[in-house]
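Chemist: just a sequence and a predicted model for now, questions to come.
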Amino acid sequence: MKAAGGVHNRWRTLKSLSRHTVSPRLAGWSVLVGLLSGIVVSSFRWILEHSLRLATRFYSVVLPAHVMLLIPLILGLLAASLIIGKLVVSQPLIQGSGIPDIESRLRKQSSPSFPWWSVLWKKFIGGVLYIGSGLFAGREGPCIQMGACVGMGLSGSTMTTKTYKRELVAAGAAAGLSAAFNAPIAAILFVTEEVYGKFNVRIGIAAFTAALSANAVSTMLFGTAPVFILPRVETPHFGQYWQMAVLAVLLGLIAWVYEITLLRSHSLFTLMRIPRGLRSLLPMLLTALIGISAPQLLGGGNALVTLIGNHHYTFGLLTAFLLIRFVLSQITYGSGSPGGIFLPILTLGALAGAAWGSLLTTAPFTSAGTDGSGIITLMLILGMSGLFGAVSKAPITSIILVTEMTSYDLLMPLGFVTLISYLTFDILGGKPIYDALAQSHE
């Protein structure tokens, strides 16, 4: 009897440990969340990539040869804007990136709950129409929100999953980012460092399992190549650290200005008294003008980053690109249409870094011993990490994310630049961007 009682007690202990720490049941459901999120997000990503190629070809090749297509283009943008407006009005949760909403729900004491199916399909269609038109919006926010919707949907499927509602929503968010960028480790860190705000074993295991599962799906479709295909750069020598320090301070200043303007970006549409159902039309028409004059600037920015990393652009042109994308990305987000800021921030950081690197290749810097070869690419990579790390106040996530997206081992320089830009932004009173956006929507 004692032996039987001992076995029973040990079984209860194992069940308790399974329920309160690392549960195989939670891991199993997280795998399913990751696989399903990977399918949804990879499909979304595939459509966006092909839409951007078509948009770029249309503006650079087709439209110049057939100017009369400008009228159908404007009518098409108007129709897309009306559809997006109806989707946003019918389901306000699909506005913007969706990350602030998921973040606020996961941090509340109460169990997260939202109309996941309505958000999922409307975000998917709205994101395809908006981001796929070539606008300066990122896919990562919608991917994170759609992944969270998958987690929310599965969390209500059986009595078993209701215990893990918060964990599965977090798992879906991590899976969404992982599949969006082929960056599973950064996805795990982003969910624990930024979205959830603290490390929790169950959240961590769920996010880890789902992110790896989603990455397996996206890898089968997109391969193992990093998002940014850039030329190889050498590890910077000690004499270049002053250059990186100057860049880091500049990035901190840009991050501060970016947050201030982004939080007020919706005011433009209020002042212009544009109906909510038509707000996406303004950024779409402005993007069309950019597409006609400079089609290489279209999209969230991953193609542009690869382009400027492999070709030499002057300081003046890179600065112009930076200003254009800065202003238009603010208008794009301010419209409240489905689209993220994650990738646009990385692109702005890349442009700032490349502009600084281009300046360093000119006199008097070159005469001081600066090696021009590779300096632009190096500063481009550091710029992405520095700006995103400052704006998001998630420096560790930023460093790992850029490392995964470029496959470069530059952890020391990345850490150096990201820390200084983060401190500059913090001294200026900057807040984590997704926290600030969530507060502004309350």
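Modeler: Happy to help now that I have it. Residues are numbered from 1 along each chain as shown.
Chemist: and the closest residue to residue 266 other than its chain neighbours, how many neighbours?
Modeler: Beyond its immediate neighbours in the sequence, the residue positioned closest to residue 266 (Cβ to Cβ, 6 or more residues apart in numbering) is residue 334, lying 4.7 Å away. Bear in mind the C-beta positions are built from the backbone N, C-alpha and C, glycine included. If you count neighbours by other Cβ atoms under 10 Å, residue 334 ends up with 22.
Chemist: quick check, residue 334 in contact with residue 271.
Modeler: No: using Cβ atoms under 8 Å, residue 334 is not in contact with residue 271; the gap is 10.9 Å.
Chemist: quick check: residue 198 is in a helix.
Modeler: No: with DSSP: H, G, I helix; E, B strand; the rest coil as the criterion, residue 198 is assigned coil and is not in a helix.
Chemist: might one say that it is in contact with residue 170?
Modeler: No: with contacts counted by Cβ under 8 Å, residue 198 stays clear of residue 170, the gap being 11.5 Å.
Chemist: who's more crowded, the two?
Modeler: Using other Cβ under 10 Å as the criterion, residue 198 and residue 170 rank with residue 170 on top: 31 against 8.
Chemist: residues in contact with that one?
Modeler: When contacts are counted by Cβ atoms under 8 Å, 6 or more residues apart in numbering, residue 170 touches 106, 148, 151, 191, 195, 196, 203, 206, 207.
Chemist: could these be laid out in a markdown table, adding neighbour count?
Modeler: Output for the contacts of residue 170, formatted as a markdown table (neighbours: other Cβ atoms under 10 Å):
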| residue | neighbour count |
| --- | --- |
| 106 | 19 |
| 148 | 35 |
| 151 | 35 |
| 191 | 35 |
| 195 | 28 |
| 196 | 23 |
| 203 | 22 |
| 206 | 34 |
| 207 | 32 |
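Chemist: residues contacting the residue nearest to residue 266?
Modeler: Residues counted as contacts of residue 334 (Cβ under 8 Å, 6+ apart) are 262, 265, 266, 267, 268, 269.
Chemist: domain ranges for the protein, per the record?
Modeler: The chain resolves into domains spanning 17-222, 238-434 when parsed by automatic domain parsing.
Chemist: quick revisit: out of the contacts of residue 170, which sit inside strands?
Modeler: Using DSSP state E, no member of the contacts of residue 170 falls in strands.
Chemist: neighbours of residue 424, just the number please.
Modeler: When neighbours are counted by other Cβ under 10 Å, residue 424 registers 21.
Chemist: give the contact list for residue 167.
Modeler: Counting by Cβ under 8 Å, 6+ apart, residue 167 has contacts 26, 30, 202, 203, 206.
Chemist: so which strand or helix has it?
Modeler: helix 165-181 (DSSP states H and E).
Chemist: picking that back up, so can I have a markdown table of the contacts of residue 170 showing distance to residue 301?
Modeler: A markdown table is the format used below for these (distance: Cβ to Cβ, whole Å):
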| residue | distance to residue 301 |
| --- | --- |
| 106 | 27 |
| 148 | 23 |
| 151 | 27 |
| 191 | 23 |
| 195 | 22 |
| 196 | 27 |
| 203 | 30 |
| 206 | 30 |
| 207 | 25 |
